[in-house]
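**Q** Give the three-dimensional model of this entry:
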Amino acid sequence: MERIYFDNAATTPLDPLVLEAMMPYLTEKFGNPSSIYSYGRETRMAVENARKTVAKILNAHPAEIFFTSGGTESSNTAIYGAVRDLGCKALITSRIEHHATLHTAERVASEYQIPLHYVKLLPGGHVDLDDLEKLLSQSQEKCLVTLMHANNEIGNLTDIEKVGMLCEKYQAIFHSDTVQTLGHFSFDLRKLPVHFITGSAHKFHGPKGVGILYIRDTVKIHPFINGGSQERNMRAGTENIYGIVGFARALELTLEHREKDSAHIRGIRNYFKKRIREEIPGVSFNGDHEGHFLHTILSVAFPKTEKSEMLLFNLDIHQICASGGSACTSGADIGSHVIQAISQDTDQVTVRFSFSKYNTLDEVDRVITFLKEVS
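**A** Below you'll find the predicted structure:
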């Protein structure tokens, strides 16, 4: 049986056109960009052209784009930098952030002995912006607010423009984890009131191991990784040339085909949602699944039964790839911190299905047929 991949929020397959762009830098163009001879100059040019491409798509200045190993490193750099270098002496986040943010915020708060506040959540899992303003207005210290654009498990979208405006009002620094939305949404960073955003190529059909950190040119932080002058003295270590080239090409392709691909993915998600409602008694959905949501994700709650408790295992055996929560804990026998934060119902089994431009309606039908048998 051919495998069905419905876990695109965890990672996406590499677009063949991205691989094609990367191949020269995996073969004959192997120079170190710090070298002054021709091999180095051609890879240096590749890095800087990629930076310009990314900056243009995001309407940022090339000097504001820094290449990293991915979203986790980018978020660590931003959170540590805001506290260490920008005078933030209080942290505000939510309990449903990715662990790259949650664990880093906890560590920084402990290391620097500063308060860590969690903004309240509304019943559907959205951040309570009134409570955020209350926390900001009551703080006697400069705050770092770190809230993700789209939740990686339930797909809820946060209005980061409104969050940014609140941060401006109270002179707070704002970092947003945009790993799930970069490549799927249009960003205008000249207008968006945010100091840091993060991205990771493998979420939009680029290679793994490469990401970006956007740092607004009005703020200056010190490197998170030391030992060299790469990335304009902001990130030591020889650059991941083929990864950087792949990041830029993947982002270019999302821009070229966003309208068509988004419509296709929405169609897949809506069809899956309709079919599963019709065919599986008692099924429900987590998060704001009909309002302000990321169109690539659908978090499904199945009634807990002997069969459904083995659902992920059975899906895997039948070559269907999905997730029980975030990718970082899929395969681990622990509950999702996101689902725990938004639901007290212990009689449900949650499976996250997430879709890409490569998925088909036929795949949906095959998955629904299987779910009817085992749930």
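
**Q** next one: stretch 228-236 to chain centre, how far?
**A** 24 Å (Cα atoms, centre = their mean, to the nearest Å).

**Q** swap that for stretch 65-74, please
**A** On the basis of Cα atoms, centre = their mean, stretch 65-74 sits 12 Å off its chain's mean C-alpha point.

**Q** how close does residue 88 sit to residue 118?
**A** 16 Å (Cβ to Cβ, to the nearest Å). C-betas here are computed from N, CA, C, even on glycine.

**Q** Which one's more surrounded, those two?
**A** Just comparing residue 88 and residue 118: by other Cβ atoms under 10 Å the higher neighbour count belongs to residue 88, 23 against 17.

**Q** hang on, the more buried one packs against residue 173?
**A** Yes - because the distance of 5.5 Å satisfies Cβ atoms under 8 Å, residue 88 is recorded as touching residue 173.

**Q** Give the residues shared as contacts by the two.
**A** Counting by Cβ atoms under 8 Å, 6 or more residues apart in numbering, the residues touching both residue 88 and residue 173 are 82, 142-144.

**Q** Out of those residues, list just those in strands.
**A** Mapping the shared contacts of residue 88 and residue 173 onto strands (DSSP state E) picks out 143-144.

**Q** Which one (most neighbours) among the shared contacts of residue 88 and residue 173?
**A** When neighbours are taken as other Cβ under 10 Å, the top entry among the shared contacts of residue 88 and residue 173 is residue 144 (29 neighbours).

**Q** Surely that one is in contact with residue 84?
**A** No - when contacts are counted by Cβ under 8 Å, residue 144 is not listed as touching residue 84 (10.7 Å).

**Q** Which residue, neighbours along the chain excluded, lies closest to residue 205?
**A** For residue 205, ignoring the flanking residues on the chain, the nearest one in space by Cβ to Cβ, 6 or more residues apart in numbering is residue 15 at 4.0 Å.

**Q** cool, and residue 50?
**A** Of all residues not flanking residue 50 in the chain, residue 248 sits nearest, at 3.6 Å (Cβ to Cβ, 6+ apart).

**Q** Count residues in the vicinity of the one you found, would you?
**A** 29.

**Q** same check, this time on residue 31
**A** Close neighbours of residue 31, defined as other Cβ under 10 Å, add up to 18.

**Q** for residue 262, same thing?
**A** For residue 262, the count of nearby residues is 16 (other Cβ under 10 Å).

**Q** doesn't it fall inside a strand?
**A** No - counting by DSSP: H, G, I helix; E, B strand; the rest coil, residue 262 is located in no strand; its state is helix.

**Q** which residues sit against stretch 207-214?
**A** Under Cβ under 8 Å, 6+ apart, the answer for stretch 207-214 is 11, 14, 18, 22, 54, 58, 60, 64-71, 73-74, 77-78, 179, 182, 189, 194, 196-202, 240, 242-244, 246-247, 250.

**Q** Kindly check the end-to-end length of that stretch for me.
**A** End-to-end distance of stretch 207-214: 19 Å, with Cα to Cα, to the nearest Å as the criterion.

**Q** List the buried residues of the strand or helix carrying residue 54.
**A** Element membership for residue 54, per DSSP states H and E: helix 38-58. Residues of helix 38-58 classed as buried: 42-44, 46-47, 50-51, 53-58 (neighbour count, 16 or more other Cβ atoms under 10 Å).

**Q** Now do the residue nearest to residue 205 against residue 350, distance only.
**A** Using Cβ to Cβ, one obtains 29 Å as the distance from residue 15 to residue 350.

**Q** any idea how far residue 272 lies from residue 356?
**A** The separation that residue 272 has from residue 356, given Cβ to Cβ, amounts to 13 Å.

**Q** what sits against the nearest residue to residue 210 once chain neighbours are set aside?
**A** Excluding its sequence neighbours, the residue lying closest to residue 210 (Cβ to Cβ, 6+ apart) is residue 243, at 3.3 Å. Residue 243 is in contact with 22, 67, 201, 207, 209-210, counting by Cβ under 8 Å, 6+ apart.

**Q** Only C-alpha atoms, please: export the lowest-mean-pLDDT helix or strand in the chain in PDB.
**A** The weakest-scoring helix or strand in the chain, judged by mean pLDDT, DSSP states H and E, is helix 337-342 (a mean of 90). In PDB, the C-alpha atoms belonging to helix 337-342 read as follows (Å, rounded to 0.1, in the frame of the first residue of the first chain):
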ATOM      1  CA  HIS A 337       0.500  20.300  26.500                       C
ATOM      2  CA  VAL A 338      -1.600  22.300  24.000                       C
ATOM      3  CA  ILE A 339      -4.600  20.000  24.300                       C
ATOM      4  CA  GLN A 340      -4.300  19.900  28.000                       C
ATOM      5  CA  ALA A 341      -4.400  23.700  28.100                       C
ATOM      6  CA  ILE A 342      -7.600  24.100  26.100                       C
END
